[in-house]
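Visitor: Got a sequence here, can you model it:
(chains A and B)
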Amino acid sequence: ETGVTQTPRHLVMGMTNKKSLKCEQHLGHNAMYWYKQSAKKPLELMFVYNFKEQTENNSVPSRFSPECPNSSHLFLHLHTLQPEDSALYLCASSQDLEGTEAFFGQGTRLTVV
Amino acid sequence: GENVEQHPSTLSVQEGDSAVIKCTYSDSASNYFPWYKQELGKGPQLIIDIRSNVGEKKDQRIAVTLNKTAKHFSLHITETQPEDSAVYFCAASIWNAGNMLTFGGGTRLMVKP
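Guide: Numbers count the residues shown, from 1 in each chain, chains lettered A, B, ... in the order given. Down below sits the predicted model:
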């Protein structure tokens, strides 16, 4: 266990559905991240939050909407997704944004049908 | 932006042999280079990292070398064991500028008993 917990582990959703992914860390970290891992592409950074404030949006489509209510929780709200959005979505956290180790959760395997 | 290339994409070795995975990066400002191991059904886990002020770092059977002039770094695993079988990712970032990792495409290492 890395101290970063993601739920659900698996999610199947239709293109018109709205769903949310949840990430929780018990490490006392201040920075949290969403990454996308597709079968044929390297891990892609999506969003970065530091002390609950979004510091990076890596040109992610608006159908992905992050939310960080506090430093321990991070959500990714999903709306009107496409089949090509099917991937493993990984949450990570680190103490801060200054080159400290990033701890990853186990990911949510998302399938859009 | 940064671009990280990783080779080979798959690597099969006999138990006890050494394995070497190589990465190149494009942004000369990058100064933090972690390596992650991802086992099936799990998120990536940091196994070793190196900063640009050193050329080599070793931790038991794992070592990483860095050549800043050539902009490449390598992971060396000696005396491989079946439990080393996993997907390995290299990454690069600027450690005091946001901790945003750019990942290589991954290497699937298979250690045959």
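Visitor: Low-confidence ranges, the chain, go.
Guide: Since no chain was named, I'll use chain A. A:1, A:99 (pLDDT under 70).
Visitor: should've been chain B
Guide: B:96-98.
Visitor: The residue in it that chain A sits nearest to: neighbour count?
Guide: Residue of chain B nearest chain A, by CB to the nearest CB: B:Trp95 (2.6 Å). Just so you know, the C-beta spots here come from the backbone N, C-alpha and C atoms, and that holds for glycine as well. Counted with other CB atoms under 10 Å in any protein chain shown, residues neighbouring B:Trp95 total 19.
Visitor: mind checking how far it is from A:Glu53?
Guide: Summarising the geometry, the distance separating B:Trp95 from A:Glu53, computed by CB to CB, to the nearest Å, is 20 Å.
Visitor: Kindly report the same for B:Gln45.
Guide: With distances taken as CB to CB, B:Gln45 is found 27 Å from A:Glu53.
Visitor: Repeat that for B:Gln14.
Guide: B:Gln14 sits at a distance of 50 Å from A:Glu53 (criterion: CB to CB).
Visitor: hey, where'd the strands end up in chain A?
Guide: Chain-ordered strands for chain A, with DSSP state E as the definition, fall at A:4-7, A:10-13, A:18-25, A:31-37, A:44-50, A:53-57, A:64-70, A:73-79, A:87-94, A:103-104, A:108-112.
Visitor: The shortest one pairs with which strands?
Guide: Think strand A:103-104. Strand A:103-104 has these partner strands in its sheet, going by DSSP bridges: strand A:87-94 (antiparallel).
Visitor: Contacts for the partner strand, please.
Guide: Residues external to strand A:87-94 that are found in contact with it (CB atoms under 8 Å, 6 or more residues apart in numbering or on different chains): A:3-4, A:6, A:21, A:23, A:25, A:27, A:29, A:31-39, A:43, A:74, A:76, A:100-105, A:107-110, B:43-44, B:99.
Visitor: What segments of chain B are strands?
Guide: Taking DSSP E to define them, one finds strands in chain B at B:4-7, B:10-14, B:19-25, B:32-38, B:45-51, B:56-59, B:62-67, B:72-77, B:86-92, B:102-103, B:107-112.
Visitor: Need the winner for burial among these.
Guide: When you average the neighbours per residue for each of those (mean count of other CB atoms under 10 Å in any protein chain shown), strand B:86-92 leads with a mean of 24.
Visitor: Is it correct that A:His79 is in contact with A:Met15?
Guide: No: with contacts counted by CB atoms under 8 Å, A:His79 stays clear of A:Met15, the gap being 9.9 Å.
Visitor: Can you tell me which residues in chain B are near chain A?
Guide: By the rule CB under 8 Å from any CB of the partner chain, the part of chain B lying against chain A is B:4, B:6, B:31-32, B:34, B:36, B:41-46, B:49, B:51, B:89, B:91, B:93, B:95-106.
Visitor: Mind doing that once more with 6 Å?
Guide: Within chain B, the positions near chain A by CB under 6 Å from any CB of the partner chain are B:32, B:42-44, B:46, B:95-96, B:98-100, B:103, B:105.
Visitor: Distance to A:Glu67 added to the residues you listed, as JSON lines?
Guide: Putting these into JSON lines (distance: CB to CB, whole Å) gives the following:
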{"residue": "B:Tyr32", "distance to A:Glu67": "28"}
{"residue": "B:Lys42", "distance to A:Glu67": "25"}
{"residue": "B:Gly43", "distance to A:Glu67": "21"}
{"residue": "B:Pro44", "distance to A:Glu67": "23"}
{"residue": "B:Leu46", "distance to A:Glu67": "26"}
{"residue": "B:Trp95", "distance to A:Glu67": "27"}
{"residue": "B:Asn96", "distance to A:Glu67": "27"}
{"residue": "B:Gly98", "distance to A:Glu67": "20"}
{"residue": "B:Asn99", "distance to A:Glu67": "20"}
{"residue": "B:Met100", "distance to A:Glu67": "20"}
{"residue": "B:Phe103", "distance to A:Glu67": "24"}
{"residue": "B:Gly105", "distance to A:Glu67": "30"}
